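Undergrad: Whatever this is, show me its structure:
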Amino acid sequence: MSKTITLSLNKKLIFEAVKTDTFITGKVEITTDGSQNAKVYNEQAGDDDFHERKLERTLRGSVGAFESLLTEFVDTSTGSISDNLAAGNDDFDITIVTSDRFLNGLAQPLASLAQEFIINRMIAQWWTAAKPELSQFYLALSNDNIASVRRCLSKKAPTTTNGVDYVDVTGTVA
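TA: Have a look, this model is predicted:
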């Protein structure tokens, strides 16, 4: 038996979070040294075509990384992990087929943590060239997110028995 967990995410919201974070970092840099405006403009994720292309690429890579980090939790008899991330669609789902012992109440935190993992992973990739120290910081945040995701995928205790009792186990000598 298995359960299908569907995590519904929104690409626009994820891109907005990445853009907001890089914007705030840029504003801090301008505050400390106003002469860096051209540099900061290019460091901040914006709506330029090449920025959008990089965000699209890092979104796909981050979703793929998230899925690969969950393979140990997939129901091995029937399970899989998939997504319907397609160009032009803002809403997308990540679908995980897992044990039927998944705690249903953890689906919402799982979706929120998946989104945070993806955002932090994208920001880490954004800062790789310009600010490697920030890249490492956001990579560490994404690792914290995945640790929490894995806790959400813990199984609940088994609730059924197979009808055989331990006293039915016997030994004989012939």
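
Undergrad: Mind checking which residue lies nearest the centre of this protein?
TA: With distances taken as C-alpha atoms, centre = their mean, the residue of the chain nearest its centroid is residue 114 (3.1 Å).

Undergrad: correct me, but that one touches residue 5?
TA: No - using C-beta atoms under 8 Å as the test, residue 114 is too far from residue 5 to be in contact (10.0 Å). Placement of C-beta: from N, CA and C, glycine included.

Undergrad: show me what contacts the closest residue to residue 85 other than its chain neighbours?
TA: Nearest residue to residue 85, sequence neighbours excluded (C-beta to C-beta, 6 or more residues apart in numbering): residue 92, at 4.5 Å. Listed by C-beta atoms under 8 Å, 6 or more residues apart in numbering, the contact set of residue 92 reads 8-11, 83-86.

Undergrad: Let's see which of those end up in strands.
TA: Applying DSSP state E to those, the entries found in strands are 8-10, 83.

Undergrad: Give me the helix or strand of the protein that scores worst on average pLDDT.
TA: Scoring the helices and strands of the chain by mean pLDDT, DSSP states H and E places helix 37-43 at the bottom, with a mean of 82.
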